[in-house]
Structures are given as C-alpha cells and as structure tokens.
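K.L.:
have a look at this prediction, sequence included:
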Amino acid sequence: MLPLLLVGSLLLADDLASGPQVGATVPGQFDALLVNGPDAGNESCLYCKFGNAPVVMIFASKPSVELARLVKALEPVASQAGAECGICVIATDPGRDSRRLLGKLADEANLKRVVLATVEPDRVKDYELNSEAGATVLLYSRRVVRANAAFKPGSLNDAAIAKMVEAARQHLGVAAEPGPVRDFALERYELGRRLKAFEARWEKVEDAAARKRAADALVDAHALFLTLRFPEAARVLDRATFALDSDEPPGLARQWVASLMAVPKERIADGDAKEVAISIRPLYSIAGEIPKNLEVQLWFNDKHVTKVKPDRFPFEAKVPMPPLGDASGLDRTLYCLIEAGRVQRHYTIGVSQVKTRDARIAALTAATEKWENLDSIERATARDRAVQIASLATGSVEETDVPAASLLENAESMLDGKPFFSPSKPGEYWMSVPRGGRITAPVRVCVPRGLAEGKPVPVVVGLHGAGGTENLFFEGYGAGRAIAECRQRGWVFVATRSGLNFTGAPPVPAILDELAKRYPLDAKRTFLVGHSMGAGQVASLAGKHPGRFAAVACLGGGGVVRDAAPFATLRVFVAAGEKDFGLAPAKSLHKTLASGGAKNATFKEYPGVEHLLIVRAALPDAFAAFDTAAKP
C-alpha cells in the first residue's frame with residue numbers, strides 16, 4: 001500500500017485533516033438518499049453495499065464545478081473496476097438544489113458506475129468531517145482507510161484530480177488502458193495544434209453568444225489534459241471551435257474531418273530523402289462510418305500533390321520531397337487538406353530536411369559531451385540542442401513544430417566559443433541558461449528590435465500552467481498575445497519551463513542575472529506574469545525576492561502567501577474567470593494580500609471566462625498594470 005499512502009499524503013491540501021485518517025477503521029453504516037442508478041430516490045447504506053471491497057468514498061459539502069470534474073474523471077476508472085468495488089460521492093447538503101445538481105451531473109456524464117447520493121450531516125457525524133472541507137476523499141478496503149485527502153472549496157485543482165484518479169485506479173486494481181501503446185508525445189502535439197486552431201478562430205469571432213458557447217464547451221478540457229486523456233481533450237477543443245461558428249452540433253462529416261491527423265514517419269529527414277511517409281488516422285474515435293467522399297491532399301510543393309481517399313485507418317501515403325539543392329538544411333512546410341464534400345480543414349506540419357543528418361548530429365553530440373562545465377549561454381544551448389535534435393531524429397515528437405534544421409545549424413555555429421545571442425539580433429530564440437556544471441534552464445526569449453547597450457528596457461517573465469512549456473506564451477494564451485504586447489512596447493519577454501512543479505518555481509532571478517549579461521534589461525522594471533500553477537509560482541517568487549520585481553500578475557490561480565510584508569507596495573494584479581476553477585484560489589490570494597496590508601493589490605473577475613481563456617482575457621489589463629509600474 002506504500003504507493004497509495006504516498007499519493008494520499010500528496011493529495012492532502014492546505015494541511016486540512018478531515019474524516020478518518022490512514023490506518024483507522026471506517027466508522028460504520030449510514031443511510032444515504034441515492035440520486036442516480038436503478039434505486040434512485042431510495043435510501044441505501046453504501047458502506048454496507050460494498051462491504052470489504054476496495055472503495056473510493058467522497059464526502060462533499062455541496063455539488064461544485066471541481067467536484068463534477070472529479071466525478072467525470074473517475075467514471076472511466078469505475079467502469080473498469082470489479083463489480084464488487086465502488087466509487088461513491090455523497091453530498092452532506094441534502095437539500096433539493098443538491099439533489100438537482102447531482103442529478104444533472106449524472107445525466108451529463110452518463111454515469112453508470114459512480115454512485116451519487118445525499119445524506120443528513122448528523123448521520124455521518126462519526127466520520128468527523130471537517131466543516132472547512134469542500135471534499136473529503138477516503139480510499140479504504142476491508143473497512144480500513146488506506147489513503148485520505150481533504151480539500152477546501154476551490155482547492156481541488158486539476159493536478160489534485162489527476163493524482164486522485166491515479167490513486168483510485170491503483171486502489172481499485174484497474175490496469176492501464178488496454179490496446180496499442182499510446183504515443184503520448186504525438187497526442188500532445190495534436191492537442192496543441194487544436195488549441196492553436198481554437199485560439200486563432202476565437203480571435204476572429206467577436207460575437208458574444210458564440211464566444212459564450214465556446215467557453216461553456218471548454219470547461220472539462222483542462223482536467224482531461226492533466227489526467228492524460230489527450231484525445232478526449234482534443235475532442236473538447238474541436239467542439240469548442242465548432243461552437244464558435246454554429247449553435248448546432250457538428251455533423252458526421254465535420255467530426256471525421258476534425259478528428260484526423262497526418263503523421264510524418266520522421267520530422268527530420270536526411271538530405272537525400274526523396275519522399276516522406278505519412279500515416280493518416282483519427283486522434284479520437286467517431287461514432288459513424290467514414291464518409292465516402294473523404295479525401296486527403298498532402299504536398300510540400302503544389303506541383304506534386306498526393307491525393308488519397310482513405311477507406312480504413314491507419315491509411316498510409318507518401319509525399320514527394322523537393323530536392324535540397326545546395327542548402328545545408330531546410331525547415332519545410334507540409335501542407336494538408338482534409339475534406340468531405342463542403343467540409344474542409346487546412347493545416348500545416350513542420351518537417352525539416354538536413355544534409356548528412358546523422359553525421360552532423362553525431363558530430364554535435366560528440367563536441368558538446370566533452371564539456372564538463374556549461375559556462376555560457378551558447379554552450380548550454382548547444383548541448384541541449386544536441387540532445388533535442390538527436391531525439392527528434394529517432395522519431396520523437398515535441399508539443400510544437402521545431403525548426404530542427406535551423407536549430408542544428410545555429411548550434412554548430414556556437415561551437416567556436418563566440419557569442420551567438422546578442423541585442424543586435426532581434427527575434428524569437430530557444431536558448432538554455434547555464435546554472436552551474438551541466439545544469440541548464442531552458443527558456444524562450446523574444447528580443448525586440450532597437451536594443452542598445454546603455455539603454456535598458458523592461459522585461460516580462462512568463463510562467464506557464466501545469467504541464468505546459470515555455471512555448472505556451474509564444475503560441476498559445478491568446479495566440480501569443482503576451483509577445484505582441486511586448487513587441488508593441490519594445491520590451492523583452494522571457495518564458496520559463498517548469499513542467500509540473502507545484503512546490504517551487506523556476507530560478508527566475510538567476511535566469512535574469514545571466515540574460516542581463518547579454519541584453520540591456522532594466523532591473524527596476526522587471527515584471528512577472530503567471531497562469532494557474534504559474535500564478536502560484538509568481539506569488540512565491542515575489543514573496544521570496546522583495547524589491548526584485550516592479551509588478552506581478554497572477555492569472556487563473558493563487559498560491560499560499562504566509563507573509564504579506566514583501567507585497568506592501570508591490571503592484572499585484574490578480575485575475576480569474578467566472579467559470580475558472582482558479583477563481584477561488586485567486587480570490588483567496590487577493591484577500592490575503594489585502595488584509596495583510598498590500599496597498600497595490602487588485603482583483604478582477606471576468607464574466608463568462610473559464611480557465612483556458614483567462615490569460616487571453618486578462619493580459620491587456622495585466623500589461624496596463626505593468627505600464628503604470630514602468631512609469632518613471
């Protein structure tokens with residue numbers, strides 16, 4: 001049971017204890033009013049029903065958005081568990097509204113195995129549920145608690161849901177999904193493509209009703225992402241994109257066209273390659289037959305278009321690759337058109353071609369492996385680039401298109417020890433900052449035009465949400481709105497990478513100190529903006545480094561602040577959407593700061609906005625706050 005105990009301890013939120021703890025005996029029977037299933041409307045003892053079998057029992061103070069996400073994520077686990085096992089959710093608010101909301105949830109999620117119920121609080125008083133807990137989760141078997149987690153209202157975030165689902169899977173003995181091995185990297189790439197397509201469409205649609213439909217459709221996307229259900233998250237994004245154009249559900253042809261992906265066998269081809277093999281298949285399943293008029297067109301050069309009519313999947317195709325000529329490498333664009341009658345979908349895929357690919361990658365790897373100390377940005381970047389490109393050459397897929405030919409050529413030029421990155425080279429760069437020895441901190445930087453020594457400019461540091469990377473601020477979050485805001489002002493933007501780091505933050509001060517040796521950064525006009533997990537990291541950094549930042553923005557999240565003194569005069573902009581699960585943490589952060597004497601802390605709630613859209617909605621206001629702080 002050690003893995004479960006570990007998961008249980010990780011899930012304990014806000015040091016909140018509620019219900020019988022690990023190792024304790026479950027208090028005993030009680031009757032609850034069932035909301036769904038064949039016995040809905042009748043009272044039943046769920047404790048008695050499941051006996052000694054493994055059970056996930058969740059007590060909720062009342063139905064909520066985050067509880068609904070947890071229930072939806074647990075239903076697939078319950079459906080694979082043995083018939084004797086159980087997952088039940090019991091609301092301790094027995095009122096009519098609770099029953100109505102739980103009933104609505106059961107219908108929306110098509111619940112078959114997760115049992116929903118309500119109970120009078122007095123009937124479960126022996127369970128000693130904490131009145132401050134919005135949800136108390138008990139995992140028990142043989143009527144002994146194996147794991148316990150408690151969450152205040154609003155703190156049951158997507159990361160906690162992901163861990164809870166995995167804990168439930170282990171506890172109930174549910175194996176990983178059967179079937180072929182999933183390519184999570186490819187699924188994530190395709191998910192990112194759909195997110196970018198959605199955001200691009202969102203920017204073009206100004207109709208309030210259409211945007212509301214799309215925002216409503218997005219509610220479950222983030223939870224699906226963090227529980228690694230990438231295909232289903234992609235389906236949600238596609239449905240949200242459909243909703244921007246129509247209030248009618250998409251027809252079968254449109255669903256098929258949206259679901260398909262064209263997957264190159266390799267994304268870095270050798271210079272002698274004459275063609276690239278492409279696998280065409282759906283990312284997620286569609287209930288219905290393949291349209292008879294389905295056609296896929298693929299080309300690098302419009303004079304050599306490959307046309308196929310898939311009648312099964314996967315379907316293989318080969319696309320001619322133009323000659324490389326005298327170039328040492330090219331980052332090409334593979335064009336894809338998928339159509340079924342009047343329904344069309346256009347998109348592009350990055351495929352690089354490199355002359356003497358394997359030899360050059362081997363040479364770069366050999367040269368950088370000799371370095372024991374990565375003592376410059378160039379050395380750190382060249383070493384990381386060697387690892388990245390070697391991985392891509394073996395078939396790996398990153399979450400976005402990578403210009404591998406250009407990155408390889410740039411890394412090769414860094415081997416001479418001369419500076420590659422400089423203020424005189426404007427543009428967007430992936431680079432790695434040295435952190436001592438062979439440790440690096442990957443970042444993506446936007447360098448504006450017109451930088452000059454002796455003329456420092458403001459710098460904005462972006463910290464992404466859970467599971468993201470430095471690319472989100474450049475290609476997502478409002479189709480790169482943060483980058484556009486900085487370009488307009490002539491400011492530098494630095495996006496950091498932290499994966500799933502809820503307990504710390506990237507080494508932002510050290511990154512800035514190193515970049516300041518290369519670029520004219522104004523230490524007095526340094527700003528932070530973070531989303532979700534990144535919002536908590538922003539709060540942590542501001543608290544640990546008082547006086548280092550001129551203003552900060554926490555979007556769609558909060559963070560624990562135990563001492564508000566460092567925020568006394570700091571300009572802090574906190575924001576969340578009306579439908580954002582980060583609303584409660586954001587409000588809590590602002591309340592803590594305001595009550596602690598932070599004079600310049602402001603909060604704004606955006607009507608109709610959910611978690612994925614809050615950055616796009618709030619960035620103009622965040623930069624307005626930065627503008628105020630940037631004034632002499």
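P.N.:
Thanks, I have the structure now.

K.L.:
first-to-last residue distance for stretch 16-36?
P.N.:
Using C-alpha to C-alpha, to the nearest Å, the end-to-end distance of stretch 16-36 comes to 30 Å.

K.L.:
mean confidence (pLDDT) on that stretch, please.
P.N.:
On average, the pLDDT along stretch 16-36 is 91.

K.L.:
buried residues, it. List them.
P.N.:
Within stretch 16-36, the residues that count as buried by 16 or more other C-beta atoms under 10 Å are 16, 18-20, 22, 26, 30-36. For every residue, glycine as well, the C-beta is placed using N, CA and C.

K.L.:
out of those residues, who's nearest G547?
P.N.:
Nearest to G547 among the buried residues of stretch 16-36, counting by C-beta to C-beta, is L16 at 33.1 Å.

K.L.:
spatially nearest residue to the closest one, not counting backbone neighbours?
P.N.:
Closest residue to L16 apart from its sequence neighbours, by C-beta to C-beta, 6 or more residues apart in numbering: A150 at 4.5 Å.

K.L.:
on that earlier part again, wait, which of the buried residues of stretch 16-36 is closest to W430?
P.N.:
L16 (40.8 Å).

K.L.:
in a strand, K517, correct?
P.N.:
No: with DSSP: H, G, I helix; E, B strand; the rest coil as the criterion, K517 is located in coil rather than a strand.

K.L.:
quick one: low-confidence parts of the stretch 351-500 of the chain?
P.N.:
Counting by pLDDT under 70, the stretch 351-500 of the chain shows low-confidence ranges at 500.

K.L.:
who's in contact with S131?
P.N.:
Contact analysis of S131 by C-beta atoms under 8 Å, 6 or more residues apart in numbering lists S61.

K.L.:
ok, it to V397 distance?
P.N.:
48 Å (C-beta to C-beta, to the nearest Å).

K.L.:
next one: F473
P.N.:
Counting by C-beta to C-beta, the gap from F473 to V397 is 21 Å.

K.L.:
more neighbours: these two, which one.
P.N.:
Neighbour comparison, F473 and V397: the larger count goes to F473, with 31 against 20 (by other C-beta atoms under 10 Å).

K.L.:
what about the helix or strand the more buried one falls within, distance to the chain center?
P.N.:
Using DSSP states H and E, the element containing F473 is helix 472-475. When C-alpha coordinates are averaged (C-alpha atoms, centre = their mean, to the nearest Å), helix 472-475 and its chain have centres 12 Å apart.

K.L.:
what's the helix or strand for A240?
P.N.:
helix 230-245.

K.L.:
show me what the next helix or strand after that helix is packed against.
P.N.:
Next helix or strand after helix 230-245 toward the C-terminus (DSSP H and E): helix 252-259. Secondary-structure packing of helix 252-259 (3 or more C-beta pairs under 8 Å, 6 or more residues apart in numbering; DSSP states H and E): helix 230-245, strand 294-299, strand 329-340, strand 343-354.

K.L.:
which strands or helices does the helix or strand hosting R146 pack on?
P.N.:
Element membership of R146 [criterion: DSSP H and E] is strand 144-151. The helices and strands touching strand 144-151, judged by 3+ C-beta pairs under 8 Å, 6+ apart, are helix 2-11, strand 135-141, helix 158-171.

K.L.:
can you name the element that comes right after the first one?
P.N.:
What that stands for is helix 2-11. strand 32-34.

K.L.:
swap in the longest one?
P.N.:
Downstream of helix 158-171, the next assigned helix or strand under DSSP H and E is helix 184-204.

K.L.:
now the angle from that next one to helix 230-245?
P.N.:
Going by axes from the mean of the first three to the mean of the last three C-alpha atoms, to 10 degrees, helix 184-204 is angled at 10 degrees with respect to helix 230-245.

K.L.:
what helices and strands are in contact with helix 184-204?
P.N.:
Under the contact criterion of 3+ C-beta pairs under 8 Å, 6+ apart, helix 184-204 touches helix 208-217, helix 230-245, strand 260-264, helix 477-489.

K.L.:
mind giving me JSON lines with these and columns for mean neighbour count and distance to C336?
P.N.:
Listed next are these as JSON lines, based on neighbours: other C-beta atoms under 10 Å; distance: least, C-beta to C-beta, whole Å:
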{"stretch": "helix 208-217", "mean neighbour count": "17", "distance to C336": "24"}
{"stretch": "helix 230-245", "mean neighbour count": "22", "distance to C336": "16"}
{"stretch": "strand 260-264", "mean neighbour count": "21", "distance to C336": "5"}
{"stretch": "helix 477-489", "mean neighbour count": "20", "distance to C336": "20"}
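
K.L.:
and of these, who's closest to E339?
P.N.:
With C-beta to C-beta, the closest approach to E339 among the helices and strands packed on helix 184-204 belongs to strand 260-264: 10.6 Å.

K.L.:
tell me the helices and strands packed up against the closest one.
P.N.:
Under the contact criterion of 3+ C-beta pairs under 8 Å, 6+ apart, strand 260-264 touches helix 184-204, strand 275-282, strand 294-299, strand 329-340, strand 343-354.

K.L.:
that one pairs with which strands?
P.N.:
strand 275-282 (antiparallel) (DSSP bridges).

K.L.:
pLDDT averaged over the strand it pairs with, what's the number?
P.N.:
Mean predicted lDDT for strand 275-282 stands at 96.

K.L.:
show me what counts as buried in it.
P.N.:
Within strand 275-282, the residues scored as buried using 16+ other C-beta under 10 Å are 276, 278, 280, 282.

K.L.:
just give me the closest of these to T356.
P.N.:
Set against T356, the nearest of the buried residues of strand 275-282 by C-beta to C-beta is V276 (17.9 Å).

K.L.:
ok, that closest one to A317 distance?
P.N.:
Distance from V276 to A317, counting by C-beta to C-beta: 9 Å.

K.L.:
rewinding a little: which one of the helices and strands packed on helix 252-259 lies nearest to P566?
P.N.:
Closest among the helices and strands packed on helix 252-259, once you apply C-beta to C-beta, is helix 230-245, at 36.9 Å.

K.L.:
hey, where'd the strands end up in the stretch 501-632 of the chain?
P.N.:
Using DSSP state E, counting those that start in this stretch, the strands of the stretch 501-632 of the chain run over residues 521-531, 551-555, 571-577, 601-606.

K.L.:
out of those strands, deepest packed?
P.N.:
Most buried of these, by mean neighbour count (mean count of other C-beta atoms under 10 Å): strand 551-555, with a mean of 29.

K.L.:
that one versus helix 477-489: what angle between them?
P.N.:
Using the same axes, to 10 degrees: strand 551-555 against helix 477-489 is 160 degrees.

K.L.:
what angle sits between strand 551-555 and strand 521-531?
P.N.:
Using the same axes, to 10 degrees: strand 551-555 against strand 521-531 is 20 degrees.

K.L.:
which elements pack onto strand 551-555?
P.N.:
strand 521-531, helix 533-544, strand 571-577, helix 583-595, helix 614-630.

K.L.:
starting at the chain centroid, how far to the second one?
P.N.:
Yep, that's helix 533-544 we're talking about. Worked out by C-alpha atoms, centre = their mean, helix 533-544 lies 18 Å from the chain centre.

K.L.:
ok, how many other residues are close to K425?
P.N.:
There are 11 residues near K425, going by other C-beta under 10 Å.

K.L.:
for it, which three-state class applies?
P.N.:
Following three-state DSSP, K425 is assigned to coil.

K.L.:
and the residue nearest to it when sequence neighbours are not counted, how many residues sit next to it?
P.N.:
Nearest residue to K425 in three dimensions, chain neighbours excluded: V447, at 6.7 Å (C-beta to C-beta, 6+ apart). When neighbours are defined as other C-beta under 10 Å, V447 has 21 of them.

K.L.:
what sits against V447?
P.N.:
Listed by C-beta under 8 Å, 6+ apart, the contact partners of V447 are 423, 425-429, 492, 519.

K.L.:
please repeat the previous calculation with a cut-off of 7 Å.
P.N.:
425-427, 429, 492, 519 (C-beta atoms under 7 Å, 6 or more residues apart in numbering).
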